[in-house]
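1. I'll drop the sequence and a predicted model, then ask my questions.
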Amino acid sequence: MSKRIPESELIINSDGTAFHLHVAPEELADNVIIVGDPGRVDAIAAFYDEGSIEAHRTSREFNTITGRFNGVRVTAISSGIGTDNIDIVMTEIDALANIDFKTRLPREQHRRLRILRIGTCGAIRPEIPLGGYIFSEMGIGFDGLLNWYADAEQYFEKDIEKAFVEYMNWPKRLARPYFIKASAKMTELFSDIAYRGMTMSAPGFYGPQGRSVRMRLAIPDLIEKLEGFEYEGRHITNIEMENSAITGMATVLGHDAGTVCLAIANRHAKDSNPNYKPLMDGLIRASLERLTRP
């Protein structure tokens with residue numbers, strides 16, 4: 001028999017919404033898009049069918065809008081930056097889908113969500129141009145978040161993890177990296193428009209991504225090492241900051257998830273495009289079209 005979840009473990013607001021997101025269970029669609037920037041949620045909602053927005057909630061960095069695209073219900077949520085916030089967002093959207101907020105008991109029938117992160121990234125492969133789309137068929141977590149969950153390890157790709165740790169001569173003081181596959185269903189949705197890649201998720205923008213401003217780096221040649229890693233013909237393609245936690249938590253919780261990113265920098269070419277927002281609109285539309293397919 002399922003145990004009731006205590007108030008201290010899952011905080012529910014007095015209006016029946018999840019503690020951080022301030023979203024009610026009935027306001028969450030089966031198709032969920034996660035973005036970092038709260039403003040990007042509004043950009044996504046601009047593509048919704050006219051007059052279809054049914055819920056709009058804001059709390060701190062969490063901006064949530066539920067509406068319809070081509071008649072299909074979609075929820076867009078901003079997480080802010082980093083996997084620590086993803087821990088909050090993924091836990092609360094799963095609770096909205098699979099916990100009865102009145103009884104605090106898991107629902108008898110599991111509700112499987114389709115979750116897509118739309119973001120930006122830095123490519124590290126020379127063949128990936130600025131403005132290219134990369135779908136993360138494999139996530140690499142430098143963040144350590146999934147190591148806090150006992151059930152996650154069974155989903156890790158241990159052989160490639162071992163090869164990578166040995167290749168990098170991984171510093172013992174850093175969290176052990178983990179490798180985890182995206183949902184095959186989500187990967188297939190983007191097979192026609194995106195490079196398939198192994199994506200590294202970093203727990204920071206500067207040092208953890210090999211950028212040095214005034215502090216020395218623990219791995220000063222990080223980008224060169226990442227670019228040189230190969231496993232059974234596969235290479236690391238790009239760096240961002242949320243995918244590993246989204247993919248990992250979704251897998252453990254029984255959801256389909258993946259990440260598609262717009263390359264706004266190429267670390268190999270040492271080039272970037274900060275004026276990428278018009279390109280992002282194209283990725284948003286393409287993502288909505290694929291996410292809402294039957």
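-> In hand now; what should we look at?

2. what residues are up against the most centrally placed residue in the chain?
-> Centrality entry for the chain: nearest residue to the mean C-alpha point is N243, 3.5 Å, by C-alpha atoms, centre = their mean. Contacts for N243 (C-beta atoms under 8 Å, 6 or more residues apart in numbering) come out as R117, G119, S136, G139, T199, S201, T259, C261. To be clear about C-beta, it is placed using only N, CA and C from the backbone, and glycine gets the same treatment.

3. among the residues you listed, which lie within strands?
-> If you go by DSSP state E, those have R117, G119, S136, G139, T199, S201, T259, C261 in strands.

4. for those residues, which single residue is the most surrounded?
-> In terms of neighbour count, S136 stands highest of these at 34 neighbours, by other C-beta atoms under 10 Å.

5. ok, that residue - contacts?
-> So S136 contacts A182, G197, M198, T199, N238, N243, T247, G258, T259, V260, C261 (C-beta under 8 Å, 6+ apart).

6. again, only this time at 10 Å
-> Contacts here follow C-beta atoms under 10 Å, 6 or more residues apart in numbering; on that basis S136 touches 117, 119, 121, 181-182, 186-187, 190, 194-201, 237-238, 240, 243-244, 246-247, 257-261.

7. over to E50?
-> G67, R68.

8. so which strand or helix has it?
-> Per DSSP states H and E, E50 falls between elements, in no helix or strand.

9. how far away is it from T75?
-> Note on E50: its distance to T75, by C-beta to C-beta, to the nearest Å, is 18 Å.

10. what of R4?
-> Going from R4 to T75 by C-beta to C-beta gives 27 Å.

11. ok, these two, which is more surrounded?
-> Neighbours of R4 and T75, each counted by other C-beta under 10 Å, are more numerous for T75; the result is 26 against 12.

12. can you select the buried ones from the contacts of S136 in PyMOL?
-> Only the buried entries of the contacts of S136 go into this PyMOL selection, using 16 or more other C-beta atoms under 10 Å:
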select buried, resi 117+119+121+181+182+186+187+190+194+195+197+198+199+200+201+237+238+240+243+244+246+247+257+258+259+260+261
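
13. make sure K172 is indeed in a helix.
-> No - counting by DSSP: H, G, I helix; E, B strand; the rest coil, K172 is not found in a helix; it is coil.

14. give me the neighbour count for it.
-> Residues near K172, counting by other C-beta under 10 Å: 5.

15. who does the least confident helix or strand in the chain by mean pLDDT touch, helix- and strand-wise?
-> Sorting the helices and strands of the chain by mean pLDDT, DSSP states H and E puts strand 271-272 at the bottom, at a mean of 83. Strand 271-272 sits against strand 256-266, with contacts defined as 3 or more C-beta pairs under 10 Å, 6 or more residues apart in numbering; DSSP states H and E.

16. note down every partner strand of the strand it packs on and its orientation.
-> The pairing partners recorded for strand 256-266 under DSSP bridges are strand 114-123 (parallel), strand 133-141 (antiparallel), strand 271-272 (antiparallel).

17. CA atoms of it as CSV?
-> This file holds the C-alpha atoms of strand 256-266, laid out as CSV (Å, rounded to 0.1, in the frame of the first residue of the first chain):
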residue,chain,number,x,y,z
ASP,A,256,9.7,10.6,-22.1
ALA,A,257,12.1,13.5,-22.2
GLY,A,258,14.8,15.1,-24.4
THR,A,259,16.6,18.3,-25.1
VAL,A,260,17.0,20.2,-28.4
CYS,A,261,19.3,23.2,-28.4
LEU,A,262,20.2,26.0,-30.7
ALA,A,263,24.0,26.4,-31.1
ILE,A,264,24.8,30.1,-30.3
ALA,A,265,28.5,29.5,-29.9
ASN,A,266,31.2,27.2,-31.1
